[in-house]
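Test case, fold it:
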Amino acid sequence: MLKKEPTKLLPILMLFKRESLNIVWLKRDLRLLDHEALHAALSSKRPCLLLYVFEDILQTDSHYSPRHFDFIKQSIVQLDSQLAIFNSKVMTVKGSFLDVLENLKQFYNFTLYSHQETGIGITFERDKTG
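You can find the predicted model right below:
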(Lines give C-alpha, C1' and ligand atoms only; values in the text may rest on other atoms or scores of the structure.)
Protein backbone atom coordinates (compact mmCIF):
# COMPACT_ATOMS: atom_id res chain seq x y z
CA MET A 1 0.00 0.00 0.00
CA LEU A 2 1.33 3.43 -0.98
CA LYS A 3 1.51 5.93 1.87
CA LYS A 4 0.79 9.55 1.08
CA GLU A 5 2.70 12.13 3.02
CA PRO A 6 0.35 14.65 4.68
CA THR A 7 2.65 17.57 3.82
CA LYS A 8 2.27 16.84 0.10
CA LEU A 9 -1.52 16.88 0.40
CA LEU A 10 -1.65 20.16 2.30
CA PRO A 11 -1.36 22.49 -0.75
CA ILE A 12 -4.13 20.55 -2.49
CA LEU A 13 -6.40 20.73 0.55
CA MET A 14 -5.74 24.46 0.92
CA LEU A 15 -7.19 25.09 -2.54
CA PHE A 16 -10.55 23.85 -1.34
CA LYS A 17 -10.63 25.73 1.96
CA ARG A 18 -9.22 29.09 1.02
CA GLU A 19 -10.63 31.93 3.06
CA SER A 20 -11.79 35.10 1.31
CA LEU A 21 -10.36 38.36 2.52
CA ASN A 22 -9.17 41.79 1.52
CA ILE A 23 -5.50 42.67 1.57
CA VAL A 24 -4.41 46.28 2.00
CA TRP A 25 -0.90 46.65 0.66
CA LEU A 26 0.77 49.36 2.71
CA LYS A 27 3.53 51.15 0.86
CA ARG A 28 4.41 54.70 1.81
CA ASP A 29 1.03 55.57 3.33
CA LEU A 30 1.53 54.07 6.80
CA ARG A 31 -1.52 55.37 8.64
CA LEU A 32 -5.02 54.22 9.51
CA LEU A 33 -6.95 57.48 9.19
CA ASP A 34 -7.75 59.15 5.88
CA HIS A 35 -6.56 56.05 4.00
CA GLU A 36 -8.69 55.51 0.90
CA ALA A 37 -7.54 51.94 0.16
CA LEU A 38 -8.09 50.84 3.76
CA HIS A 39 -11.53 52.46 3.86
CA ALA A 40 -12.56 50.68 0.65
CA ALA A 41 -11.32 47.32 1.93
CA LEU A 42 -13.11 47.66 5.27
CA SER A 43 -16.34 48.78 3.57
CA SER A 44 -16.82 45.34 2.03
CA LYS A 45 -17.22 43.70 5.47
CA ARG A 46 -14.74 40.92 4.59
CA PRO A 47 -11.79 40.18 6.88
CA CYS A 48 -8.90 42.51 6.16
CA LEU A 49 -5.16 41.86 6.23
CA LEU A 50 -2.78 44.83 6.39
CA LEU A 51 0.44 43.91 4.59
CA TYR A 52 3.80 45.63 4.41
CA VAL A 53 6.54 44.08 2.27
CA PHE A 54 10.16 45.08 2.84
CA GLU A 55 10.89 44.71 -0.85
CA ASP A 56 14.20 43.43 -2.13
CA ILE A 57 14.15 45.99 -4.95
CA LEU A 58 14.18 48.84 -2.43
CA GLN A 59 16.92 47.46 -0.19
CA THR A 60 19.63 48.48 -2.66
CA ASP A 61 17.92 51.48 -4.29
CA SER A 62 19.89 54.71 -3.95
CA HIS A 63 16.73 56.63 -2.97
CA TYR A 64 16.53 54.66 0.28
CA SER A 65 18.82 54.71 3.29
CA PRO A 66 18.81 52.93 6.66
CA ARG A 67 16.96 55.99 8.03
CA HIS A 68 14.06 55.32 5.64
CA PHE A 69 13.78 51.74 6.83
CA ASP A 70 14.01 52.80 10.48
CA PHE A 71 11.15 55.25 9.91
CA ILE A 72 9.09 52.51 8.24
CA LYS A 73 9.71 50.11 11.13
CA GLN A 74 8.77 52.79 13.69
CA SER A 75 5.59 53.57 11.73
CA ILE A 76 4.61 49.89 11.69
CA VAL A 77 5.17 49.67 15.46
CA GLN A 78 2.82 52.66 15.86
CA LEU A 79 0.23 51.04 13.59
CA ASP A 80 0.45 47.82 15.58
CA SER A 81 -0.17 49.71 18.82
CA GLN A 82 -3.24 51.37 17.25
CA LEU A 83 -4.48 47.99 15.99
CA ALA A 84 -4.01 46.27 19.36
CA ILE A 85 -7.57 47.13 20.45
CA PHE A 86 -8.76 45.04 17.46
CA ASN A 87 -6.38 42.19 18.36
CA SER A 88 -4.60 42.78 15.06
CA LYS A 89 -1.21 43.71 13.59
CA VAL A 90 0.37 44.60 10.27
CA MET A 91 1.77 41.52 8.57
CA THR A 92 5.35 42.31 7.59
CA VAL A 93 7.45 40.19 5.26
CA LYS A 94 10.67 40.62 3.31
CA GLY A 95 11.08 39.68 -0.34
CA SER A 96 9.60 40.30 -3.74
CA PHE A 97 6.06 41.66 -3.58
CA LEU A 98 4.91 39.44 -6.45
CA ASP A 99 6.36 36.36 -4.73
CA VAL A 100 4.56 37.30 -1.52
CA LEU A 101 1.29 37.58 -3.44
CA GLU A 102 1.81 34.20 -5.05
CA ASN A 103 2.36 32.64 -1.62
CA LEU A 104 -0.77 34.28 -0.22
CA LYS A 105 -2.80 32.95 -3.17
CA GLN A 106 -2.11 29.44 -1.91
CA PHE A 107 -4.12 30.15 1.24
CA TYR A 108 -6.58 32.93 0.43
CA ASN A 109 -8.94 34.22 -2.20
CA PHE A 110 -8.37 37.93 -1.93
CA THR A 111 -8.94 41.35 -3.35
CA LEU A 112 -5.90 43.63 -3.21
CA TYR A 113 -6.26 47.29 -2.25
CA SER A 114 -3.49 49.89 -2.41
CA HIS A 115 -2.54 53.38 -3.47
CA GLN A 116 -0.91 53.69 -6.87
CA GLU A 117 2.57 55.03 -6.34
CA THR A 118 4.38 57.36 -8.68
CA GLY A 119 7.26 58.09 -6.28
CA ILE A 120 10.26 56.46 -7.93
CA GLY A 121 10.73 54.59 -11.18
CA ILE A 122 11.15 51.07 -9.84
CA THR A 123 8.02 51.18 -7.68
CA PHE A 124 5.98 52.79 -10.46
CA GLU A 125 7.04 50.02 -12.85
CA ARG A 126 6.33 47.37 -10.20
CA ASP A 127 2.82 48.72 -9.70
CA LYS A 128 2.13 48.57 -13.44
CA THR A 129 3.08 44.88 -13.59
CA GLY A 130 1.26 43.86 -10.38
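
tell me the mean pLDDT over stretch 59-71?
Averaged across stretch 59-71, the pLDDT comes to 76.

Nearest spatial neighbour of residue 26, chain-adjacent residues omitted?
In space, and not counting its chain neighbours, residue 26 is closest to residue 52: 4.5 Å by C-beta to C-beta, 6 or more residues apart in numbering. Bear in mind the C-beta positions are built from the backbone N, C-alpha and C, glycine included.

tell me, what residue is most central in the protein?
By C-alpha atoms, centre = their mean, the mean C-alpha position of the chain lies nearest to residue 51, the distance being 2.7 Å.

sorry, back to before: identify the residues contacting the strand or helix carrying the residue nearest to residue 26?
According to DSSP states H and E, residue 52 maps onto strand 48-55. For strand 48-55, contacts defined as C-beta atoms under 8 Å, 6 or more residues apart in numbering pick out 21-27, 30, 38, 41-42, 69, 72, 76, 79, 83, 88-97, 100, 108, 110, 126.

Tell me where the chain has strands.
Along the chain, the stretches classed as strands by DSSP state E are 19-26, 48-55, 91-95, 108-113.

quick one: the last one to chain centroid distance?
Spelled out, that is strand 108-113. Relative to the centre of its chain, strand 108-113 is centred 10 Å away, using C-alpha atoms, centre = their mean, to the nearest Å.

between it and strand 19-26, how big is the angle?
30 degrees (axes from the mean of the first three to the mean of the last three C-alpha atoms, to 10 degrees).

Next, the buried residues of strand 108-113.
By neighbour count on 16 or more other C-beta atoms under 10 Å, the buried set for strand 108-113 is 108, 110, 113.
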